[in-house]
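Novice: Sequence and predicted structure below; questions after.
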Amino acid sequence: MVPLFRAALALVFAALPACGPAAAADTSTGSRATAAAAQKLAEAASAPDCPHPADVLVQVLCNRALRVGLRTYYPGFSVRNDRGEFAGFEVDVARRIADFIGVRLIPVAVDPTTRISSVASGQVDLVIATMGHTTRRDAQVRFIRPHYYLSRTVVVGAKAARVTNWQDLGGRMACLPLGAGSNILFIRHHIPVLTFDQPEQLLDALAFNECAFIVHDDTFFGTLLTDPQWSARFDVKFGFAPMPWGMAVSRAGAEKLAALLTRLSVAFHADGVFLQLARANRLDTTFLQAEQARWSSSACVAEDGTPEPVCLMPPADLSNTRDATAFAPQATWIERSFRGWFGITLGLSLLKDRSSFSLLLQGIGYSLALIVGSQMATTVFALAFGRLMDAGPLPFRRGIGAIAAIGQTTPLPLLLFFGYVIAGGIIQYTGPVALAVAVLVIGFYNGCNAGRAIHEAQQALQRRHEASAREPMHRPTFGNAISLAGVQLIAFLINAAKGSPAAGMIGVPEFLNVMTDLTSYSRDRVAVYLVLLLFYTGLVLLVIVLLYAAQARLARAR
């Protein structure tokens, strides 16, 4: 491996102005003979480029520091303790790289939502943060290959749950890590999801029954499955989506750093450095053993130390180009135009994928059906309660009044949950069933309030009639009561429209639910929530306009 390291360093450092002497480091058996050569190359170079470094590697050498983005809680890979110290496999890899270059390591805390933006914006020089290499992420950062680890995604739940495939998950809630590329698979299978920023939050959600299942890389559960108490309660149901993990640097201005890291990764595999560090952290080494054999072969390593492309593992392709929408190129053009004209990153990825776009259309359809249905149900319940609270014997009227009082005083989320439990116990719970339940519950909730208003208006008219001693033929009608309570009726119809997004909590695939699910794997959250704001604001305003137009027309008819 000595010639490989010599070729790597000669290629990178020969064209690199460094910033003074760098401390040699003993990072692997193969690097010992080249550490002194690296130091001499660095010392011989001048430092004219330090004020304006042209490459991240120049900046690292000038600053005598390598800033590496690391996770704060991922057992076995990277964990930060109460004293702020980092430990784990990825931390050890970062330390070996920094030692080899001859600079100090500066750990920087990142998470799944910030690891790409941190390295792309220059806040860190390198990120090693359990990040799967996907074709989509290739457009955002430069991944270093060969990859340093491999995982697969697994579904974990209670041991008593009999789940072996997607169909078995049914309508039960799955909790996912925010930003994971495989999250789209759950959306495509119409599985209700919740997302969390930190993996430890997933464990809490499972322990406290907030989620029926949690999803993460199998590496995350490695130490947990060896815990007798934890493994007695939970186990792995099934796995999918093998994912190579890669270190990453910025796509701009990091060519020399990427070249060095590529050759260093080949050497770390061939010399067994990755394997040694993984064993020290008690990780599964099946992948690394195979990689050591691969990169120890001259068939996979060129004379200059670069990996042969045929031996490199491709990134995971979680999207299918055949599923692109017809207007995906136009969406891309709009993104580029906004970035070029205004410096604004506008994410329209949800419009490029046919599956995502079909989910958006489905969400809009369900929302419109929910709005129309809840308006009709609210009207029917309002008229029914308004009439029945003044009809029949006293016990009957009081019974109807008690039911209306339950609807008035019970929070809508609790009513929706009761509807969900009842419907799920009677028939198979599907999207249309959830929609029907939501329509009835939202209609009942608002209809109880509107019906009470009609009842009170009817009583007020009756008292006014009795006080004026009018003839019986002029007694107030039910229509008069509806007219008097018209303002309240419209208010609760508007409230029914505003409350429609709450239906997502019981699995109705309406617009808010769909968009929230899509953000579990998309980073375009600003665009998503802006669209949500505009959609629901416009929808409620439309309902208001139509209701007042209908009221005005009825007034003219009378």
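Specialist: Ah, there it is.
Novice: how far does stretch 264-273 sit from the chain's center?
Specialist: Mean C-alpha position of stretch 264-273 versus that of the full chain (CA atoms, centre = their mean, to the nearest Å) differs by 34 Å.
Novice: hey, C-alpha coordinates of that stretch in PDB?
Specialist: Taking only C-alpha atoms (Å, rounded to 0.1, in the frame of the first residue of the first chain), the coordinates of stretch 264-273 have been written out as PDB:
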ATOM      1  CA  LEU A 264      -7.500   7.700   1.300                       C
ATOM      2  CA  SER A 265     -10.700   5.700   1.400                       C
ATOM      3  CA  VAL A 266      -9.300   3.100  -0.900                       C
ATOM      4  CA  ALA A 267      -6.200   2.800   1.300                       C
ATOM      5  CA  PHE A 268      -8.300   2.700   4.500                       C
ATOM      6  CA  HIS A 269     -10.300  -0.200   3.100                       C
ATOM      7  CA  ALA A 270      -7.200  -2.100   1.800                       C
ATOM      8  CA  ASP A 271      -5.200  -1.500   4.900                       C
ATOM      9  CA  GLY A 272      -8.100  -2.600   7.100                       C
ATOM     10  CA  VAL A 273      -8.400   0.800   8.900                       C
END
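Novice: where in the stretch 351-500 of the chain is pLDDT low?
Specialist: The stretch 351-500 of the chain contains residues with pLDDT under 70 at 469-475.
Novice: change it to 80
Specialist: By pLDDT under 80, the weakly predicted segments of the stretch 351-500 of the chain are 351-356, 358-359, 392, 424, 428-431, 465-477.
Novice: list the buried ones in the helix or strand harbouring residue 293?
Specialist: Element membership of residue 293 [criterion: DSSP states H and E] is helix 286-295. For helix 286-295, the neighbour count (16 or more other CB atoms under 10 Å) marks 287, 288, 291, 292, 294, 295 as buried. For glycine as for every other residue, the C-beta is placed from the backbone atoms N, C-alpha and C.
Novice: Among those, which one lies nearest to residue 420?
Specialist: Residue 420 has its nearest neighbour among the buried residues of helix 286-295 in residue 287, at 42.4 Å by CB to CB.
Novice: quick one: that closest one from residue 313, how far?
Specialist: Per CB to CB, to the nearest Å, residue 287 is found 10 Å from residue 313.
Novice: if I look at the two, which residues touch both of them?
Specialist: Shared contacts of residue 287 and residue 313 (CB atoms under 8 Å, 6 or more residues apart in numbering): residue 150.
Novice: What's the first helix or strand after the lengthiest helix in the chain?
Specialist: When the chain is scanned for its longest helix (criterion: DSSP state H), the result is helix 431-468. Following helix 431-468 in sequence order, the next helix or strand is helix 478-484 (DSSP H and E).
Novice: Could you count how many residues lie near residue 336?
Specialist: Residue 336 has 11 neighbours, counted by other CB atoms under 10 Å.
Novice: pretty sure it is in a helix, no?
Specialist: Yes - counting by DSSP: H, G, I helix; E, B strand; the rest coil, residue 336 is found in a helix.
Novice: thinking again about what came up before, what helices or strands is the helix holding residue 293 leaning on?
Specialist: Helix 286-295 is packed against strand 149-158, helix 255-270, helix 273-280, with contacts defined by 3 or more CB pairs under 8 Å, 6 or more residues apart in numbering; DSSP states H and E.
Novice: now the longest helix of the chain, how far from the chain's geometric center?
Specialist: Remark: helix 431-468 is offset 40 Å from the chain centroid, using CA atoms, centre = their mean.
Novice: Could I get the buried residue list for that helix?
Specialist: 431, 433-458, 461, 465.
Novice: Show me where this structure has its strands.
Specialist: Under the criterion DSSP state E, the chain carries strands at the ranges 65-70, 73-74, 78-80, 86-87, 104-109, 126-127, 142-143, 149-158, 174-177, 193-196, 213-217, 234-245, 248-249.
Novice: which one of these is the most hemmed in?
Specialist: Most buried of the strands of the chain, by mean neighbour count (mean count of other CB atoms under 10 Å): strand 126-127, with a mean of 28.
Novice: Now do it: distance to the chain's middle.
Specialist: Computed by CA atoms, centre = their mean, the chain-centroid distance of strand 126-127 equals 21 Å.
Novice: Show me what that strand is packed against.
Specialist: Using 3+ CB pairs under 8 Å, 6+ apart, strand 126-127 sits against strand 65-70, helix 115-120, strand 248-249.
Novice: Thought residue 513 was touching residue 362, still the case?
Specialist: No - the criterion here is CB atoms under 8 Å, and residue 362 misses it with residue 513 at 10.1 Å.
Novice: Same drill for these two, tell me which one is more crowded.
Specialist: Shown here are residue 362 and residue 513; by other CB under 10 Å, residue 513 has more neighbours (24 against 16).
Novice: Pull the contacting residues for the more buried one.
Specialist: Residue 513 touches 192, 363, 501, 503, 504, 507, counting by CB under 8 Å, 6+ apart.
Novice: Measure how buried residue 328 is and give me the count.
Specialist: Residue 328: 18 surrounding residues under other CB under 10 Å.
Novice: one step back: what's the most distant pair in the contacts of residue 513?
Specialist: In these, two members sit farther apart than any others by CB to CB. They are 192 and 501, at 14.7 Å.
Novice: So those two - more neighbours on which side?
Specialist: Set residue 192 next to residue 501 and count neighbours by other CB under 10 Å: residue 192 wins out with 24 against 20.
Novice: Show the model's pLDDT score for the more buried one.
Specialist: We have a pLDDT of 77 for residue 192.
Novice: List the residues that contact the residue lying closest to residue 282 once chain neighbours are set aside.
Specialist: Computed as CB to CB, 6 or more residues apart in numbering, the closest residue to residue 282 that is not its neighbour in sequence is residue 76, at 6.6 Å. When contacts are counted by CB under 8 Å, 6+ apart, residue 76 touches 88, 89, 219, 222, 223, 281, 282, 283.
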